[in-house]
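**Student:** Sequence below, structure please.
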Amino acid sequence: MKKLLITTFSMCLSASVLAGGLNTNSNQNASFERQMSQNGIIDLAGLYANPAGTAFLANGWHISYSHMSVWQQRNITTTFPLFKLNAATPGSDTHKYKGTAKAPVVPSLSVSYNRDKWSFNAHIAVTGGGGKCNFPNGLGSFESLVSGTIAESIIGNIATQYAQQAIPAMIAQGMTLEQAQAAVVGPATAYAVGQFSGNTNQYFKYYSVNSQMEGHSYVIGAQFGATYKILPNLSAFGGIRVVYGTNGYDGFIKDISYETAAGPGTYPAIELDCSQKGWGVTPVIGVDWKVNDYLNLAAKYEIPTKMVYKNSSTLSLAAAANDNLAKYRDGYKVREDLPGILSLGAMASPLKNLRFMAGWNMYFDKAVKKGVIADDGTEVIYKAGDSDIDKNTWEINAGVEFDLCKYLTVSGSWQRTAYGISETGMSDLSFNLTNNMIAFGVRVKPTQHLSFDLGFMHTIYCDRTVVTPTALGNKTDVYNRKNDVLGVGVTYEF
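**Tutor:** The predicted model follows:
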């Protein structure tokens, strides 16, 4: 029981730190919240999506500050036959779990200095994660684990009783003890499962458990680079992004009690408090081709980033003693690389006051390397794509901007993000859903040098259902998310 509890607890935690397209923020300024298709724009706001485009800004300084606020819900509805034995909700086999993730302050800062053919720039933002998520009532994986492992113990007892009666008869028929013990396993298990399933309430009276999970993830990037005009209409960018990441996990399964036909019982608590910190460097290159006054094309590539996090942890005795939680042991290191990213974009201006944008992003999640580094330096590396990822994440987007007058620009955009997560890569604590995002807003420019951005982005997620067969019946999880972002920014150019 204790070993199984720890194993699933570990699985739920470890799935929550997937990186790359699954944990990369492209919304890094208020301008994005009003117009998401930035891969081909020529604007200071494009320092993340199209840094090479800054070469075509006017000579002088360009400074922008943005403030985003994010509200998100992660909702899971789990159905499992044994849930009806929960003392807190007797008779109900479907339970709902709600997680709230809030990031009231997500800032970013962009600076560029242009001088003739050169543009020297810097961009600081939250490039991944960016919030906390709390499940105050635990998770379905925890609850199904508790009820399922208690049931497994009961089934084991029934199977043992069956074997004790069957083995003597097998020996009497000429089998050796070893042969009888091997031959009885299958029939004993089948009999025990059938008996339990047909008379569950007779064997299993109730269970109760207290579980909670809270996690946070922040990946902060400081990008520094330079853009050079190779030709009057062609520029190239080269730079690096220094990335600092911090993850935290605080959870427990405790106060586990139950009653079976054999009497009441309890199990020791599993508690974990882990903080992970690490850093890496991302080389970034890009090009921008200003074909003419009506069309601009751009491309950017981010080289994969090696990220190694070091643990600072406190684990209960039950958690510390099990190798399944080695990833969270104090002093151990965890490798969670960020993927390479390829971005392409275009901007067309059929009229002086009208601009259309389109873009495409590919996150190479299948090539991401992950692993655990023990105290002695032993490193085990594996690819996330081997089990968690079926295919790479991709995005397409489109947007439009229209200048109502020289003081006011209105904009709107759409983006679709398609994740390639396998069913085994989905869990309560870490699930991403294919979605469509819409954004709209305004840019107000009261003077030649000063402008303000105000935007709102809403995400429409595609629910996903994952069915996991078990000997006690199917466990069905329905995943749903809600997400809204509000951004406000100010830009000054001189």
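
**Student:** give me the low-pLDDT residue ranges for the protein?
**Tutor:** 1-23, 130-131, 322-324, 382-386, 429 (pLDDT under 70).

**Student:** the longest helix in it is where?
**Tutor:** helix 140-172 (DSSP state H).

**Student:** Which strands and helices lie in contact with that helix?
**Tutor:** helix 2-14, strand 60-79, strand 94-115, helix 177-198, helix 200-203, strand 204-231, strand 234-260, strand 475-493 (3 or more CB pairs under 8 Å, 6 or more residues apart in numbering; DSSP states H and E). Just so you know, the C-beta spots here come from the backbone N, C-alpha and C atoms, and that holds for glycine as well.

**Student:** can I get the CA coordinates of the last one in CSV?
**Tutor:** When you say that, I think you mean strand 475-493. The C-alpha trace of strand 475-493 is given here as CSV (Å, rounded to 0.1, in the frame of the first residue of the first chain):
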residue,chain,number,x,y,z
LYS,A,475,-11.1,5.4,-14.1
THR,A,476,-12.3,8.3,-16.3
ASP,A,477,-10.8,11.8,-16.2
VAL,A,478,-12.3,14.7,-18.0
TYR,A,479,-9.9,17.7,-18.3
ASN,A,480,-11.0,21.3,-18.7
ARG,A,481,-9.3,24.6,-18.4
LYS,A,482,-10.2,28.3,-18.4
ASN,A,483,-7.8,31.2,-19.0
ASP,A,484,-8.0,35.0,-19.2
VAL,A,485,-5.2,37.5,-19.5
LEU,A,486,-5.4,41.3,-19.2
GLY,A,487,-2.4,43.4,-20.3
VAL,A,488,-1.5,47.1,-20.0
GLY,A,489,1.7,48.6,-21.4
VAL,A,490,3.5,51.9,-22.0
THR,A,491,6.1,52.7,-24.6
TYR,A,492,8.3,55.8,-24.9
GLU,A,493,10.6,56.5,-27.9
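
**Student:** Would you mind getting the angle between that strand and helix 140-172?
**Tutor:** 150 degrees (axes from the mean of the first three to the mean of the last three CA atoms, to 10 degrees).

**Student:** Report the contact partners of Arg241.
**Tutor:** If you count contacts by CB atoms under 8 Å, 6 or more residues apart in numbering, Arg241 has them with 127, 221-224, 281-282, 284, 302, 305.

**Student:** Try it again at 10 Å.
**Tutor:** Listed by CB atoms under 10 Å, 6 or more residues apart in numbering, the contact partners of Arg241 are 48, 123-125, 127, 220-225, 280-284, 302-303, 305, 338.

**Student:** Count the neighbours of Glu214 for me.
**Tutor:** Other residues near Glu214 come to 16 when the count uses other CB atoms under 10 Å.

**Student:** Just list the residues touching the closest residue to it other than its chain neighbours, thanks.
**Tutor:** Excluding the flanking residues, the one nearest Glu214 by CB to CB, 6 or more residues apart in numbering is Asn134, at 4.5 Å. Shown in contact with Asn134 (CB under 10 Å, 6+ apart): 74, 98-102, 212-216, 250.

**Student:** Of these - the most surrounded one?
**Tutor:** Neighbour counts for those peak at Met213, which has 27 neighbours (criterion: other CB under 10 Å).

**Student:** Next, count neighbours for the nearest residue to it once chain neighbours are set aside.
**Tutor:** Excluding the flanking residues, the one nearest Met213 by CB to CB, 6+ apart is Gly251, at 3.9 Å. Around Gly251 there are 23 other residues, counting by other CB under 10 Å.

**Student:** for Gly251, which residues make a bridge with it?
**Tutor:** Beta-bridge pairing for Gly251 (DSSP bridges): Met213, Leu272.

**Student:** and the gap between it and Val287?
**Tutor:** If you measure Gly251 against Val287 using CB to CB, to the nearest Å, the figure is 46 Å.

**Student:** Please name the residues that touch Gly278.
**Tutor:** Counting by CB under 10 Å, 6+ apart, Gly278 has contacts 219, 243-247, 306-311, 333-336.

**Student:** Secondary structure element for it, which one?
**Tutor:** strand 270-290 (DSSP states H and E).

**Student:** Same question for Gly91.
**Tutor:** Using DSSP H and E, no helix or strand contains Gly91.

**Student:** Find the nearest non-adjacent residue to it, please.
**Tutor:** Here the residue nearest Gly91, using CB to CB, 6+ apart, is Lys84, at 5.2 Å.

**Student:** Ramachandran angles for the one you found?
**Tutor:** phi -70, psi -10 (degrees, to the nearest 10).

**Student:** how far away is it from Asn361?
**Tutor:** Distance from Lys84 to Asn361, counting by CB to CB: 45 Å.

**Student:** So if I had to pick from those two, which one is more boxed in?
**Tutor:** Neighbour totals were compared for Lys84 and Asn361, and Asn361 leads with 22 against 16 (other CB under 10 Å).

**Student:** Do I have it right that that one meets Lys300?
**Tutor:** Yes - proximity of Asn361 to Lys300 meets the contact threshold set by CB atoms under 10 Å, at 9.2 Å.

**Student:** anything in contact with each of those two?
**Tutor:** Counting by CB under 10 Å, 6+ apart, the contacts common to Asn361 and Lys300 are 39, 49, 341-345.

**Student:** Now, of these, which are buried?
**Tutor:** Using 16 or more other CB atoms under 10 Å as the burial test, the shared contacts of Asn361 and Lys300 include 39, 49, 341, 343-345 as buried.

**Student:** ok, back up a step: quick check on the contacts of Arg241: which are buried?
**Tutor:** Among those, those buried by neighbour count (16+ other CB under 10 Å) are 48, 123-125, 127, 220-221, 223, 225, 280, 282, 284, 302, 305, 338.
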